[in-house]
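S.K.: model this:
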Amino acid sequence: MDREPNLDPIKLMLAKVLQYGLMTSLFLVSMGGFQFLEQHGSQTVPAYATLIKQIPQINPIKLSAISDGLRQGDGIAYIELGLFLLVATPILRVSASICAFAIRKEATYSFLASTVLVILFASLIFAPQ
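M.R.: Residues are numbered from 1 along each chain as shown. Predicted coordinates for the structure are as follows:
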């Protein structure tokens, strides 16, 4: 299938940001899943009641913990990194949109994209834990 010759390069770049972010995230989550199964696949699954008791002990994901886990070859760390990248991809796209609109001197769209970026960051920072 041929691409149209007059595609806007900025739109193409923004589409590539989403495409590569999604593909990289999918690769990391899949790799981490296979690695986790390789490491823990033969273990028995705990009873549901045991899992429910462990839920309050779950801590938020920290980048330092992901980094440590990656160095140790922990499959969960690869899954967490992939999910982190999945969340970061739209943020990167909105940031790139702001730059693109600023280059084109489209102040209204730059302002709107900046507002979206602030809302994205606020939702991540102030989300209930």
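
S.K.: Nearest residue to the middle of this protein?
M.R.: residue 86 (2.0 Å; CA atoms, centre = their mean).

S.K.: Please report phi then psi for that one.
M.R.: Dihedral angles of residue 86 (phi, psi; degrees, to the nearest 10) stand at phi -60, psi -40.

S.K.: quick check, distance from the strand or helix carrying residue 12 to the centre of its chain.
M.R.: Per DSSP states H and E: residue 12 is located in helix 9-40. Distance of helix 9-40 from its chain centroid, counting by CA atoms, centre = their mean, to the nearest Å, is 9 Å.

S.K.: again, but for stretch 115-123
M.R.: 15 Å.

S.K.: Would you enumerate the residues in contact with residue 101?
M.R.: 107, 109, 110, 113 (CB atoms under 8 Å, 6 or more residues apart in numbering). Glycine gets a C-beta too; all of them are placed from N, C-alpha and C.

S.K.: and those as a markdown table, adding distance to residue 27 and neighbour count?
M.R.: As requested, the contacts of residue 101 are arranged in a markdown table below (distance: CB to CB, whole Å; neighbours: other CB atoms under 10 Å):
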| residue | distance to residue 27 | neighbour count |
| --- | --- | --- |
| 107 | 38 | 10 |
| 109 | 32 | 14 |
| 110 | 33 | 18 |
| 113 | 28 | 21 |
